[in-house]
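Visitor: model this:
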Amino acid sequence: MILIKHLHLTFVALSLISFTLRGVWMMKESPLLQAKLTKILPHVIDTVLLVSGLTLAISLGLQPGEHPWLVAKIVGLVAYIALGVIALKSKRAKKVRVVAWVAAILSFGFIASAAITKSAAGFFVVLL
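Guide: Model (predicted):
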């Protein structure tokens with residue numbers, strides 16, 4: 001179990017690093033954003049992240065209906081994915097893509113904070 005948790009946390013970090021780097025490349029209009037490895041590696045990282053997260057949830061017997069913070073993580077994940085697509089794959093104006101990128105990073109932070117605090121409010125719990 002601890003190995004899967006560490007694997008999950010490692011891929012959380014790799015996912016954030018990868019997304020951040022691709023966002024910087026998007027803003028700089030770097031050709032690195034179109035490199036084959038740049039297009040493949042994030043999918044591998046995010047797949048391992050998702051599978052390890054699901055494995056942890058199943059192993060621990062966590063069900064979203066019983067754990068509101070888990071529902072919050074899932075909703076945050078959907079927002080993160082949608083915002084990430086707008087930021088990195090859309091043909092929208094750069095300003096819109098940068099705003100989506102920042103919002104996606106905030107979404108990522110919310111997901112992590114919901115996991116850490118075990119609260120559906122995530123980092124907003126501090127404000128309450």
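Visitor: quick check: buried residues in the strand or helix carrying residue 116?
Guide: In the assignment (DSSP states H and E), residue 116 maps to helix 94-117. Buried residues in helix 94-117, counted by 16 or more other C-beta atoms under 10 Å: 97, 100-101, 103-105, 107-108, 110-115, 117. Placement of C-beta: from N, CA and C, glycine included.
Visitor: and if you look at stretch 42-60?
Guide: Within stretch 42-60, judged by 16+ other C-beta under 10 Å, the buried ones are 42, 45, 46, 48, 49, 52, 53, 57.
Visitor: what sits up against that stretch?
Guide: 1, 4-5, 7-8, 11-12, 14-15, 18-19, 22, 62, 70 (C-beta atoms under 8 Å, 6 or more residues apart in numbering).
Visitor: point to the residue nearest the middle of the protein.
Guide: Closest residue to the average C-alpha location of the chain: residue 108 at 4.5 Å, with C-alpha atoms, centre = their mean.
Visitor: how close does it sit to residue 20?
Guide: 9 Å (C-beta to C-beta, to the nearest Å).
Visitor: returning to what we had before: strands - which of the buried residues of stretch 42-60 land there?
Guide: Among the buried residues of stretch 42-60, no residue falls in strands (DSSP state E).
Visitor: next, format those residues as TSV and append pLDDT.
Guide: TSV is the format used below for the buried residues of stretch 42-60 (pLDDT from 0 to 100):
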residue	pLDDT
42	96
45	97
46	95
48	97
49	96
52	96
53	94
57	92
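Visitor: save these as JSON lines, and put in distance to residue 36 too.
Guide: What follows is these, written out as JSON lines (distance: C-beta to C-beta, whole Å):
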{"residue": "42", "distance to residue 36": "12"}
{"residue": "45", "distance to residue 36": "15"}
{"residue": "46", "distance to residue 36": "17"}
{"residue": "48", "distance to residue 36": "19"}
{"residue": "49", "distance to residue 36": "21"}
{"residue": "52", "distance to residue 36": "25"}
{"residue": "53", "distance to residue 36": "27"}
{"residue": "57", "distance to residue 36": "32"}
